[in-house]
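Q: Just to be clear, the model below is a prediction. Sequence and coordinates:
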Amino acid sequence: MTKRSSKFFKYAALPAAILIAACGTAFAQSAEAVLCDRVAAFPSDPDKPADVKGVVTIAPSDVDTAIKFCKQAAAKGSRRFSFQLGRAYEANGDTQAAIAAYKKASGQGSASAMSRLASLDKGGAQSGETRKMFERAAQGGDPVALNNMGMAYATGDGVPLDYVKARSLFQQAADGNNADAMFQLGLMTEQGDGGPKDDAAARALYEKAAARDQIGALERAGDFNLAGRGGPKNEDAAKRYYEKAAALGSDDAKAALNRMKCPYTIKSKTGQKVTDLCF
């Protein structure tokens with residue numbers, strides 16, 4: 001297990017219990033629960049309260065804090081905090097401890113924990129019990145599992161090819177703020193697979209996923225804005241999308257930026273490329 005220095009001092013002044021308002025009613029939530037949520041809640045966990053934002057990735061500086069307070073919160077029997085403790089252990093590189101925490105949460109019915117257990121299975125997403133775990137997690141509303149099952153039906157990987165079902169699963173995952181599902185749903189909407197073809201709706205999905213730094217969506221949002229497809233042409237927006245995707249490592253986005261700089265190709269009489277005309 002990787003050793004990291006503790007960062008507990010910044011929370012020392014908090015009281016033993018913090019009052020939180022929910023649905024107009026005040027209730028007491030322990031400090032360890034609040035702190036576990038602050039650093040380790042997962043944004044798309046179906047068990048997460050709406051007023052808890054969550055983090056996609058636990059920051060390295062918060063790992064020790066997450067383990068300490070999520071362990072205390074999980075000891076009281078909450079499946080949500082056992083799942084978040086699993087996330088903390090996984091962020092710390094302790095896979096076995098993470099699996100143990102996920103199994104405890106899964107046994108209590110946590111869809112997100114089932115999904116993580118399935119993802120950690122070396123046998124692959126569509127093998128035997130692993131696929132069943134993803135199916136159970138999807139039925140429980142976990143967006144990651146819904147996206148995974150959507151991919152299975154979209155590709156016929158271990159299940160019958162079914163674009164309509166795939167699109168429905170991607171929609172459910174996208175409704176749960178899963179950026180990968182937004183991108184996949186955008187592709188199906190752009191191509192008319194499993195439902196109506198709609199460039200405007202596809203563009204909206206790409207832009208929504210791009211706001212969450214999904215690389216494929218950043219590329220497609222750039223393409224749609226550059227071409228004026230599904231909405232107004234906006235070269236400045238296209239450039240911003242490509243630049244963000246390029247910064248995240250997309251070679252296609254880098255090539256698109258180069259084409260924007262050099263939009264014309266000069267060729268010889270025989271059709272051979274001579275040079276690009278850049279601005």
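A: Yes, it's here.

Q: any idea of the mean pLDDT in stretch 82-95?
A: Stretch 82-95 shows a mean pLDDT of 97.

Q: what's downstream of the helix or strand harbouring Phe81, the next helix or strand?
A: Taking DSSP states H and E as the definition, Phe81 sits inside helix 79-91. Heading C-terminal from helix 79-91, the first helix or strand you meet, by DSSP H and E, is helix 95-107.

Q: show me where the protein has strands.
A: Here the chain has its strands, by DSSP state E, at 17-22, 25-30, 264-267, 273-277.

Q: returning to what we had before: how about the CA coordinates for the helix holding Phe81, as PDB?
A: Only the C-alpha atoms of helix 79-91 are listed here, as PDB (Å, rounded to 0.1, in the frame of the first residue of the first chain):
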ATOM      1  CA  ARG A  79     -23.800   0.500   2.100                       C
ATOM      2  CA  ARG A  80     -23.100   3.900   0.600                       C
ATOM      3  CA  PHE A  81     -20.100   4.500   2.900                       C
ATOM      4  CA  SER A  82     -18.800   1.000   2.400                       C
ATOM      5  CA  PHE A  83     -18.800   1.600  -1.300                       C
ATOM      6  CA  GLN A  84     -17.000   4.900  -0.800                       C
ATOM      7  CA  LEU A  85     -14.500   3.200   1.500                       C
ATOM      8  CA  GLY A  86     -13.900   0.800  -1.400                       C
ATOM      9  CA  ARG A  87     -13.200   3.800  -3.700                       C
ATOM     10  CA  ALA A  88     -10.800   5.200  -1.100                       C
ATOM     11  CA  TYR A  89      -8.900   1.900  -0.900                       C
ATOM     12  CA  GLU A  90      -8.900   1.600  -4.700                       C
ATOM     13  CA  ALA A  91      -7.500   5.100  -5.000                       C
END
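
Q: For Tyr242, which residues are in contact?
A: 218-219, 222, 253-254, 256-257, 260 (Cβ atoms under 8 Å, 6 or more residues apart in numbering). C-beta: built from backbone N, CA, C; applies to glycine.

Q: try 10 Å
A: 218-219, 221-223, 225-226, 250, 252-260 (Cβ atoms under 10 Å, 6 or more residues apart in numbering).

Q: Helices - which of those residues land there?
A: Taking DSSP state H as the definition of helices, the contacts of Tyr242 contribute 218-219, 221-223, 225-226, 252-260.

Q: what's the farthest-apart pair in those residues?
A: With Cβ to Cβ as the measure, no two of the ones in helices among the contacts of Tyr242 lie farther apart than Ala221 and Asn258, at 18.1 Å.

Q: Tell me which of those two has more neighbours.
A: Between Ala221 and Asn258, counting by other Cβ atoms under 10 Å, Ala221 is the more crowded of the two (31 against 14).

Q: My guess is the more buried one contacts Ala245. True?
A: Yes - contact criterion Cβ atoms under 10 Å: Ala221 and Ala245 qualify, at 8.8 Å.

Q: Give the residues shared as contacts by the two.
A: By Cβ under 10 Å, 6+ apart, Ala221 and Ala245 have these common neighbours: 210, 214.

Q: pLDDT score for Lys233?
A: We have a pLDDT of 97 for Lys233.

Q: In this structure it contacts Arg203, no?
A: No - Lys233 lies out of contact with Arg203 (Cβ under 10 Å); the separation is 11.6 Å.

Q: which one of those two has more residues nearby?
A: Each of Lys233 and Arg203 has its neighbours counted (other Cβ under 10 Å); Arg203 has more, 21 against 12.

Q: if I pick that one, what's in contact with it?
A: Counting by Cβ under 10 Å, 6+ apart, Arg203 has contacts 186, 189-190, 220-221, 223-225, 229-231.
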